[in-house]
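Engineer: fold the following for me, if possible:
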Amino acid sequence: MNISKDAGKTLGVFGWAKFRFIGCIVCAVIFIGVAILCFSLMNIPTSREAAHGGTYFDTTAWPVSPFILFMGVGGGLLILAAITLLVARSVKAKYTFTVYEGGIASRCGGKETYIPFSEIEDVYLFSVGRGNYSGELNSLAYRKSRQNDWIIISLLNTDSEKLISLFRQLHAEQRSRALQEKIEQGQKVRFDYVSAKNVWLKRAFALRIADYLKIDASLKPLYLTKEGIVIDEKNIVINKTDCITNDSWVENLYVLDSHGSKKFSMMFPTIISGDAFITTLNNVIKAKD
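Structural biologist: As a prediction, this is how the structure comes out:
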């Protein structure tokens with residue numbers, strides 16, 4: 001893969017968390033080893049005569065024969081080993097990443113794809129696992145456009161928190177710069193959003209990460225122009241005295257006028273590329289005469 005000269009320095013390489021994967025593999029090997037031992041004990045004689053003076057099991061007090069017992073235990077252990085191997089496969093991240101000053105490269109199945117931050121249209125932040133209850137945005141998916149597949153950064157990646165934070169910062173800066181140029185030329189730039197209900201339903205009922213990303217059918221447009229925000233065919237005029245406030249990355253986003261009254265509000269995780277939206281909106285306010 002050829003990385004553009006504009007990519008700049010490498011800021012970090014993020015693989016996948018191998019500890020859980022290795023732990024599952026070790027457990028599976030132990031299960032298989034003990035299962036083999038059980039199968040080898042199935043045919044040990046159960047009487048002195050049959051053993052011809054060798055080792056045998058005295059089964060007079062046993063409720064079942066050694067053959068059935070060891071076959072059952074060994075079979076159960078093989079089933080556990082198979083389940084553990086499936087778990088090992090599930091805890092291996094699909095993508096690994098290299099972050100550059102100007103973009104991000106993802107690797108999957110030997111194929112590496114580089115996308116400049118300024119060209120990434122969609123970034124979706126969401127909560128999985130324990131984050132569902134706290135609202136912590138601990139996973140991120142991005143794509144160059146709707147025509148492309150989502151690329152997922154999850155808890156399965158090493159230093160996922162650092163990776164997501166770095167991605168958000170660089171994307172917000174560089175994508176907003178590209179969008180601001182279009183706005184200054186008189187164009188309106190599009191963002192998308194999903195309903196808050198959609199976000200909460202995903203948190204409650206999504207079983208796999210892929211389920212969180214089934215949002216295309218419910219996306220609605222949200223525009224930024226020189227004048228302000230256009231949403232649901234409503235024009236919200238932005239003035240130089242307006243300000244943006246949000247207590248944290250997971251709280252509602254507000255645009256307040258000079259008197260502190262709300263002109264616009266939206267749940268932050270519902271906005272696709274929310275960080276770039278906030279940065280671009282701030283730039284629109286600063287550009288006001």
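Engineer: which residues of this protein fall in helices?
Structural biologist: 18-41, 48-51, 66-90, 131-134, 160-184, 196-205, 209-212, 274-286 (DSSP state H).
Engineer: closest to I236 out of those helices?
Structural biologist: Proximity to I236, assessed across those by Cβ to Cβ, is greatest for helix 274-286 (10.5 Å). Quick note: C-beta positions are derived from backbone N, CA and C, even for glycine.
Engineer: what comes into contact with that closest one?
Structural biologist: With contacts defined as Cβ atoms under 8 Å, 6 or more residues apart in numbering, helix 274-286 is touched by 123, 125, 168-169, 171-173, 175-176, 179-180, 183, 189, 191, 222, 224-226, 228-229, 238-240, 242-244, 246, 253, 255, 268, 271.
Engineer: list the buried residues in that helix.
Structural biologist: The neighbour-count check on helix 274-286 (16 or more other Cβ atoms under 10 Å) flags 274-281, 283-285 as buried.
Engineer: can you lay out those residues as TSV showing distance to I215 and pLDDT?
Structural biologist: Output for those, formatted as TSV (distance: Cβ to Cβ, whole Å; pLDDT from 0 to 100):
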residue	distance to I215	pLDDT
G274	14	93
D275	17	94
A276	17	95
F277	16	95
I278	20	93
T279	22	94
T280	21	94
L281	22	93
N283	27	91
V284	26	91
I285	28	90
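Engineer: between these, which is nearest F67?
Structural biologist: Nearest to F67 among the buried residues of helix 274-286 is G274, at 63.2 Å by Cβ to Cβ.
Engineer: how about low-confidence regions in the stretch 151-289 of the chain?
Structural biologist: Scanning the stretch 151-289 of the chain for pLDDT under 70 picks out the ranges 205-207, 247-250, 289.
Engineer: and the closest residue to L163 other than its chain neighbours, what pLDDT?
Structural biologist: Among residues not flanking L163 along the chain, F14 sits closest, at 4.6 Å (Cβ to Cβ, 6 or more residues apart in numbering). As predicted, F14 sits at a pLDDT of 91.
Engineer: returning to what we had before: please identify the deepest-packed of the helices of the chain.
Structural biologist: helix 274-286 (a mean of 20; mean count of other Cβ atoms under 10 Å).
Engineer: that one to helix 160-184, inter-axis angle?
Structural biologist: Angle between the axes of helix 274-286 and helix 160-184 is 40 degrees (criterion: axes from the mean of the first three to the mean of the last three Cα atoms, to 10 degrees).
Engineer: distance between helix 274-286 and the chain's centre?
Structural biologist: Centroid displacement of helix 274-286 relative to its chain, using Cα atoms, centre = their mean, to the nearest Å, is 24 Å.
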